[in-house]
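Peer 1: quick one, structure for this:
(chains A, B, C and D)
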There are 4 protein chains.
Amino acid sequence: MVRRLEAWVVGSENKAPDYGAVLNRIMDDIRPYLGQGRPADYIPALAQVDPMKFGMAVQTADGAAHVVGDGAERFSIQSISKVFSLTLAMRFEGPAIWQRVGREPSGNPFNSLVQLEYEQGIPRNPFINAGALVMTDIIMRHTDDAKGLMLAFVRELAGNDAIDYDPVVAASEWEAGHRNFALAHFLKSFGNIRGNVDQVLDTYFHQCSLTMSCSDLARAMLFLAAGGVMPGSGTTVTSPRQTKRLNALMMTCGLYDEGGDFAFRVGMPGKSGVGGGIVGVLPGELTAVVWSPALNPNHNSLCGMLALEWFTTLTGRSIF
Amino acid sequence: MVRRLEAWVVGSENKAPDYGAVLNRIMDDIRPYLGQGRPADYIPALAQVDPMKFGMAVQTADGAAHVVGDGAERFSIQSISKVFSLTLAMRFEGPAIWQRVGREPSGNPFNSLVQLEYEQGIPRNPFINAGALVMTDIIMRHTDDAKGLMLAFVRELAGNDAIDYDPVVAASEWEAGHRNFALAHFLKSFGNIRGNVDQVLDTYFHQCSLTMSCSDLARAMLFLAAGGVMPGSGTTVTSPRQTKRLNALMMTCGLYDEGGDFAFRVGMPGKSGVGGGIVGVLPGELTAVVWSPALNPNHNSLCGMLALEWFTTLTGRSIF
Amino acid sequence: MVRRLEAWVVGSENKAPDYGAVLNRIMDDIRPYLGQGRPADYIPALAQVDPMKFGMAVQTADGAAHVVGDGAERFSIQSISKVFSLTLAMRFEGPAIWQRVGREPSGNPFNSLVQLEYEQGIPRNPFINAGALVMTDIIMRHTDDAKGLMLAFVRELAGNDAIDYDPVVAASEWEAGHRNFALAHFLKSFGNIRGNVDQVLDTYFHQCSLTMSCSDLARAMLFLAAGGVMPGSGTTVTSPRQTKRLNALMMTCGLYDEGGDFAFRVGMPGKSGVGGGIVGVLPGELTAVVWSPALNPNHNSLCGMLALEWFTTLTGRSIF
Amino acid sequence: MVRRLEAWVVGSENKAPDYGAVLNRIMDDIRPYLGQGRPADYIPALAQVDPMKFGMAVQTADGAAHVVGDGAERFSIQSISKVFSLTLAMRFEGPAIWQRVGREPSGNPFNSLVQLEYEQGIPRNPFINAGALVMTDIIMRHTDDAKGLMLAFVRELAGNDAIDYDPVVAASEWEAGHRNFALAHFLKSFGNIRGNVDQVLDTYFHQCSLTMSCSDLARAMLFLAAGGVMPGSGTTVTSPRQTKRLNALMMTCGLYDEGGDFAFRVGMPGKSGVGGGIVGVLPGELTAVVWSPALNPNHNSLCGMLALEWFTTLTGRSIF
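Peer 2: As a prediction, this is how the structure comes out:
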């Protein structure tokens, strides 16, 4: 199949790709794989999602939007929210945040708590749970209503005031999140959470419960493909330097323990969530977002990984 | 200083950068930092190198070459050779190599042997020593003269028949390389080295002893910036897909435990060696190679890291 | 000094040792070492204890009691309480407890949380914090008033109704115990705490706050030297088999990461606490308890370790 | 069955046990378990041993010897030889050896190389392979013929000049011992092997290949039950202090990662080998040696563990 795809691309390589056609093509090709893998099951709200769902959206820096399948349906963005919390923390404190969190991939599958113990309470990066808890703690030093602030920020980025937290999911995280409790208290024991542990967890669980569609996410992340500026409004979200660095972090740390493979196969900065969403960014060009709830053993969307690999193959686009 | 640099770039951002001027500018700016850090001292030949050396070379995909400082002087490329051995292994066995080595960053500083034990003898990636030993073992299955083949390959890529192994360095590696002996025997105990351990080590130590200049390396790596084709001769080194994947691996795994930081600060695929060299690749555009023997605590060239960060800042070039 | 001590012992080796004389001799010999090391400082109540305090008590199975120095003064027994909670859990559930906790020493200093992650929530033994939390959880399944039950049990063993919890210490543990919170939530995430995490922690923190003297402890632990029977009352605390096993666990797991050294130097089952107490048991013969608040780097009483080493040397008594 | 055994013991508890009757009883009781577990298979010579073999020997400090089953047949003592090499190293260098090896149990199953890396080349104790390699290196500093010296030492202890190395097993270790090569080179990289790595390994592999019967071992280890003196000849092997410490190390570190369980179930110092032998010591009383080649998952003789547990239960003897 790969050879066929490449041949197909060759014919169109000097024109701008027809993204609508590309998305339709991916939909067709991905169909046989739908239902492989398993949705996250640690909270009921995620386990009940139809594993056959598949949607995709592309938003180009020059304003064009493309959607296929269930790309307009909202889903639980889970860890994709870590991009928003890192962005807010960067805006509030700038480079000072790097005293409390690292910038290196986390490496081996054992190390959620292990690594934290070795490195004295400094999480390896802002995209593992421990690092995201520290980002949330940072945000909470600058506002009395972190949940409100985060929601307003995401709504503005996506241009959609209907985006909201899912209170059922947020409540479920409280019940299932013993490991996150452990992480938060462990961080506190090293002094790397400064606020109240329960309040930090409450804010964090709400972030994870944000419900957005592929289209929402493609718009909300577009500043990462546009040098930090929202193309529509011209509002500056992050400086060019910050934008470059957010993309670099997504490239090296955005896909759990599958980041090397994502770079290898897909070749663009990305961030995934256990709700089955994956965001990809081609700096200067576009954002591509996919959603398919069934996960592979690395906790990334099985069909989402394939769809983004085919997207960069079909379009011949990659940062490498 | 950063603000000044950015201002300087702004004035030239819409023209192709004057790389010669950029290199001279970096030479000037880097001078105060020369001598900070320490050269590798585990073998005498490296410890004796003048820590004030600094050279840099840029080679563009369209054929232009720029050199400053000691950029034409040969140095011990050490782990940069792992790019050549991975390339050869890919050419011999294609995707089959990924059954014997992973593609994920190695994560924490403890894990040279630790990780190998957890993951049953499968090195995390081809750029850690364990992974490179496996690549060497693969190459040796396909030739009776792996040292000769490697040398001919590198000479052809660089267009310089004077490139050679340094027998003193190779011999020193034998004496100092107890940890590599340990790794090789450990891999053998898992069945992931198939040849004779001593012969694999001999070949590996010779690879590490390769002596090349910044200019040599900039030319030799240029296929990575040119879709796998050597611009001068038009010879295909790797397929477009393989080329993209080599760049992705350098991006995520090329700088020991500082790869995240290199992505964050510099923003291009790279590979470093304890001889003080660092190679950077901007796909489609150029290779940039720097040499300065004094290392930072992560075993990467201290001034080399700064120089490449300034290079991407001054030119406004980055993959992100 | 060692030679002199041995000579001194030789003269008395065929008679029963004069334990009173031995304790006085140890007091004299230990004096130059008092004040070395540092009291635990993670909670104020421990940090404020006079580091020059030193007391010791010996209780023989045939009923004789000896005390020197501050041996009648109460101190915070901290982890020594883990012997009592293990004994109660054994009494309630017998061998079934070994499905929820191991019996092996914990090995390396990194592994409080690390080990728990590797071994899927099964603590290595009942004397590390994680294992003791599981014992507390077990006890709480069998009573609505675990704090009251534990206190009554210890008072009966020691024959002293004045023994009590220290509410200030128990409250401090709540404030300082983030790592214990992390452990408890982590255990809960593996299903190995069944009750309410906060209630388990409250009970556990109270146990640690028990305040007893060397004499109290020497009496309370005497059943371990007497086949499980309290010599005075003849009450059976544990079966002979359980008693042997409690002693075995103290031998291999009772002194944090210094258990091997304690066996090597002292040569009897023991249990230490960060309050500076150490309990030693010579099965069939006696209990020996020492208290000195200043700790060595392994969190064991510096003078307590010396005193017990001299005790077994002077008396020629050891299990080996 | 346990209840029945205890009843049986009660009747005889005030007389010296009839060890011959005890051994016969154990033979009968153990028969249904023979053949469970699996012999070590990493070298052919061990894999070919009949898994139904079972022998046992008891030697009392007052000179009585008892043997049952295959207790006079020689087998590969493997790691039991580590007791002899530690004893020799202690005799040569005394307490100085503790600068190069620790005295703590090794803890978790992952840590052969892991632990060595964390602790900078200092093995946790002399009974793990890494520690035994250091002991061998120490012995080799004091003699030009370590293999000859070791053999003479063991022959004298056992009073049997027919004891010898098994050259086939020693040669097999060379072929199968990649992990030991890795350990030795790793130790060398930390400077904790001073001699030639290959010569240290050759000596070590020969030690492991020693072939002795249960009776040989019971006699050879008897000094450990007799304060360091060989009862027959009156020759001093180790000082009382050294003897006590050897027993303490066997108690805490002698049974791989099952030492806690051995203390718990059996309750005496011991040392096992993958050839299926286990040595137990009751200080002041006797040595008890068992051999049965089929191993449990912790690499200890399955029936050997049971037999020693029943031995201490039937005789009512234990250090606890």
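Peer 1: per-residue pLDDT, the residue in the stretch 201-320 of chain A positioned nearest to chain D?
Peer 2: In the stretch 201-320 of chain A, the residue that lies nearest chain D is residue A:257 (18.1 Å; CB to the nearest CB). (Glycine included, C-beta is placed from N, CA and C.) With respect to pLDDT, residue A:257 has a value of 83.
Peer 1: what number of residues are in the vicinity of it?
Peer 2: For residue A:257, the neighbour count with other CB atoms under 10 Å in any protein chain shown is 23.
Peer 1: same check on the one 4 residues further on?
Peer 2: Taking other CB under 10 Å as the neighbour definition, residue A:261 ends up with a count of 20.
Peer 1: quick check: which element contains it?
Peer 2: helix A:259-265 (DSSP states H and E).
Peer 1: tell me which helix or strand comes right after that helix.
Peer 2: According to DSSP H and E, the helix or strand after helix A:259-265 is strand A:270-272.
Peer 1: distance from that following strand to the middle of the chain?
Peer 2: Put simply, strand A:270-272 sits 4 Å off its chain's centre (CA atoms, centre = their mean, to the nearest Å).
Peer 1: contacts for it?
Peer 2: Strand A:270-272 is contacted from outside by A:79-80, A:82-83, A:127, A:250-251, A:254-256, A:262, A:278-281, A:299-301, A:304, A:308, using CB atoms under 8 Å, 6 or more residues apart in numbering or on different chains.
Peer 1: for the closest residue to residue A:157 other than its chain neighbours, the count of nearby residues, please.
Peer 2: Nearest residue to residue A:157, sequence neighbours excluded (CB to CB, 6 or more residues apart in numbering or on different chains): residue A:220, at 3.9 Å. Using other CB under 10 Å, residue A:220 has 30 neighbouring residues.
Peer 1: assign residue A:57 to helix, strand or coil.
Peer 2: Under DSSP: H, G, I helix; E, B strand; the rest coil, residue A:57 falls in the strand class.
Peer 1: run through the residues that contact the residue nearest to it when sequence neighbours are not counted.
Peer 2: Leaving aside its chain neighbours, residue A:57 sits nearest to residue A:214 (3.7 Å; criterion: CB to CB, 6+ apart). Residue A:214 makes contacts with A:55-57, A:67, A:70-72, A:277, A:289-291, as judged by CB under 8 Å, 6+ apart.
Peer 1: one more time with 7 Å, if that's ok
Peer 2: By CB atoms under 7 Å, 6 or more residues apart in numbering or on different chains, the contact set of residue A:214 is A:55-57, A:67, A:71, A:289-291.
Peer 1: how near is it to residue D:221?
Peer 2: Distance of residue A:214 to residue D:221, computed by CB to CB, to the nearest Å: 72 Å.
Peer 1: and residue A:192, by the same measure?
Peer 2: The spacing between residue A:192 and residue D:221, counted by CB to CB, is 52 Å.
Peer 1: ok, back up a step: wouldn't the residue of the stretch 201-320 of chain A closest to chain D be in contact with residue A:299 here?
Peer 2: No - contact criterion CB atoms under 7 Å: residue A:257 and residue A:299 do not qualify, at 8.5 Å.
Peer 1: okay, now the unreliable bits of the stretch 101-250 of chain A?
Peer 2: A:107-112 (pLDDT under 70).
Peer 1: quick one: the strands in it?
Peer 2: A:164-165, A:210-212 (DSSP state E, counting those that start in this stretch).
Peer 1: most packed of these?
Peer 2: strand A:210-212 (a mean of 24; mean count of other CB atoms under 10 Å in any protein chain shown).
Peer 1: what lines up beside it in the sheet?
Peer 2: Here strand A:210-212 has these sheet partners by DSSP bridges: strand A:75-76 (antiparallel), strand A:164-165 (antiparallel).
Peer 1: quick revisit: give me the phi and psi angles of the residue of the stretch 201-320 of chain A closest to chain D.
Peer 2: Here is the backbone geometry of residue A:257 (degrees, to the nearest 10): phi -90, psi 30.
Peer 1: now tabulate the strands of the stretch 101-250 of chain A in JSON lines and tack on distance to residue C:121.
Peer 2: What follows is these, written out as JSON lines (distance: least, CB to CB, whole Å):
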{"stretch": "strand A:164-165", "distance to residue C:121": "31"}
{"stretch": "strand A:210-212", "distance to residue C:121": "30"}
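Peer 1: show the contacting residues for the closest residue in space to residue A:283 that isn't next to it in sequence.
Peer 2: Spatial nearest neighbour of residue A:283, excluding adjacent residues (CB to CB, 6+ apart): residue B:320 at 5.0 Å. Contact analysis of residue B:320 by CB under 7 Å, 6+ apart lists A:244, A:247-248, A:269, A:283, B:267.
Peer 1: select from these the one having the most neighbours.
Peer 2: residue A:269 (32 neighbours).
Peer 1: grab the nearest non-local neighbour of that one.
Peer 2: Closest to residue A:269 by CB to CB, 6+ apart is residue A:250, at 3.6 Å.
Peer 1: do the same with residue A:227
Peer 2: Nearest residue to residue A:227 in three dimensions, chain neighbours excluded: residue A:240, at 5.1 Å (CB to CB, 6+ apart).
Peer 1: counting neighbours, what do you get for that neighbour?
Peer 2: With other CB under 10 Å as criterion, residue A:240 counts 15.
Peer 1: thinking again about what came up before, in JSON lines: the contacts of residue B:320, plus distance to residue D:97.
Peer 2: Compiled in JSON lines, the contacts of residue B:320 are given as follows (distance: CB to CB, whole Å):
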{"residue": "A:244", "distance to residue D:97": "56"}
{"residue": "A:247", "distance to residue D:97": "55"}
{"residue": "A:248", "distance to residue D:97": "50"}
{"residue": "A:269", "distance to residue D:97": "54"}
{"residue": "A:283", "distance to residue D:97": "60"}
{"residue": "B:267", "distance to residue D:97": "53"}
